[in-house]
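Asker: would you be able to build a 3D model of this:
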Amino acid sequence: MLDRVELEFSGEAVEWRGPAPYVFVPLPPDAADLVDEVKADVVYWGVVPVRAWVGGTEFTTAMFPREDTWFLPLKVVVRRAEGVEVGDAVDVRLQVGR
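Answerer: All right, here's what the predicted structure looks like:
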């Protein structure tokens, strides 16, 4: 059974254009490696569920694998509450798992 994995990191908010623009924070390599170590215990439909905090805003989401790392989606409500724009450095704390 997975013990709760908690990570703290900083990353740049990046935009990924699809049917609608989405904003993500890619995990740095060391944090991505830790997620890779536990993903078998938590992954479903190819994504990893997380609880995350940006500033004082807590939210749940699922990270997507992309470009040899994991991308943490930043919901619009989180970006608005914390004033995050594309290109900003973002401090993130997250717990991996449901």
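Asker: from the contact counts, what lies against the biggest strand by length in the chain?
Answerer: Identified as the longest strand of the chain according to DSSP state E is strand 57-66. With contacts taken as 3 or more C-beta pairs under 8 Å, 6 or more residues apart in numbering; DSSP states H and E, strand 57-66 sits against strand 48-54, strand 69-73, helix 76-82. Where C-beta positions appear, they are placed from N, C-alpha and C, glycine not excepted.
Asker: okay, the angle between it and strand 69-73?
Answerer: 140 degrees (axes from the mean of the first three to the mean of the last three C-alpha atoms, to 10 degrees).
Asker: which residues does strand 57-66 contact?
Answerer: Residues from elsewhere that reach strand 57-66, judged by C-beta atoms under 8 Å, 6 or more residues apart in numbering: 16, 24, 26-27, 35, 46-53, 70-73, 75, 77-78, 81-82.
Asker: rerun that using 6 Å as the cut-off
Answerer: 47-52, 70-73, 75, 78, 81-82 (C-beta atoms under 6 Å, 6 or more residues apart in numbering).
Asker: and stretch 87-96, which residues are buried?
Answerer: By neighbour count on 16 or more other C-beta atoms under 10 Å, the buried set for stretch 87-96 is 90, 92, 94, 96.
Asker: ok, and the closest non-adjacent residue to Val47?
Answerer: Ala62 (3.9 Å; C-beta to C-beta, 6 or more residues apart in numbering).
Asker: number of residues surrounding the one you found?
Answerer: 17 (other C-beta atoms under 10 Å).
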